[in-house]
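K.L.:
I would like to see how this sequence folds:
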Amino acid sequence: MKVAVSFLSSDNYIKCIKKINDSNADYIHVDLCDGKYVKTKNFTLGSLDKLLGTAQKKLHIHLMCNDPLKYVDKLAFYDVSTIIFHLDATKKPSQVIDYISSMGIKVGIALNPSDDINTLTPYLKQIDEVLFLTVNPGAGGQPFQEEVLDKVAKFNEIKHDYQIQTIIDGGVNANTISLLIDKDIDIVVSGSFVTNGEDYNERIATLKNGVLL
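P.N.:
Residues are numbered from 1 along each chain as shown. Next comes the predicted model:
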């Protein structure tokens, strides 16, 4: 299982990204919120250069934004592994998927805890990842919603037919990681659990091993 570390909960983004660069994290996870799809607004496209220009790991980008297509050209300039968007943030999901793919970037669809996994069905042959949010999008400090794992289990019954990876994002820490081990999860996203620790590698190893070291 790979680990993508989010710097969003840090009080010093540049310093945090440097520490992620120097760690054993597999990806730097970027949550981009527009203040419309979710109430929170964090980065503008213009402010990303200062931040992402310092990244030395592949970027795993989650767009919590309406009209995700307008972000793709800018983001494609960075070393991006995947761009993930929400189906209800656009009227033309297939167009978004095709455009991201045309840039040589993997495509993911994010599901909120209340979303039906059947909404994925028309796009299974086109996408690379499904990100299951185990908290509601746009706000930190929420409890991990275990009931989402029932949907994950159902999705994992078919994902190998389409070669799609399963991502878990939200409330992933030393207590909840035990719920995810042996559940056929490919990537977990963790923010404050890793970045609030002094030793990022120790926290990342805890997630990869499923136990507090």
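K.L.:
residues near T82, how many?
P.N.:
T82: 24 surrounding residues under other Cβ atoms under 10 Å. Where C-beta positions appear, they are placed from N, C-alpha and C, glycine not excepted.
K.L.:
Report the secondary structure element holding it.
P.N.:
Element membership of T82, judged by DSSP states H and E, is strand 80-86.
K.L.:
same check, this time on T166
P.N.:
Secondary structure (DSSP H and E) places T166 in strand 165-169.
K.L.:
what's the angle between that strand and strand 80-86?
P.N.:
Regarding strand 165-169 and strand 80-86, their directions subtend 70 degrees when assessed with axes from the mean of the first three to the mean of the last three Cα atoms, to 10 degrees.
K.L.:
and the next helix or strand after the strand holding T82, how far from the chain's centre?
P.N.:
Counting by DSSP H and E, the next helix or strand C-terminal to strand 80-86 is helix 93-102. On the basis of Cα atoms, centre = their mean, to the nearest Å, helix 93-102 sits 18 Å off its chain's mean C-alpha point.
K.L.:
Now do the buried residues in helix 93-102.
P.N.:
The neighbour-count check on helix 93-102 (16 or more other Cβ atoms under 10 Å) flags 93, 96-97, 99-100 as buried.
K.L.:
Stretch 172-180 too?
P.N.:
Buried-residue list, stretch 172-180, by 16+ other Cβ under 10 Å: 172-174, 176-177, 179-180.
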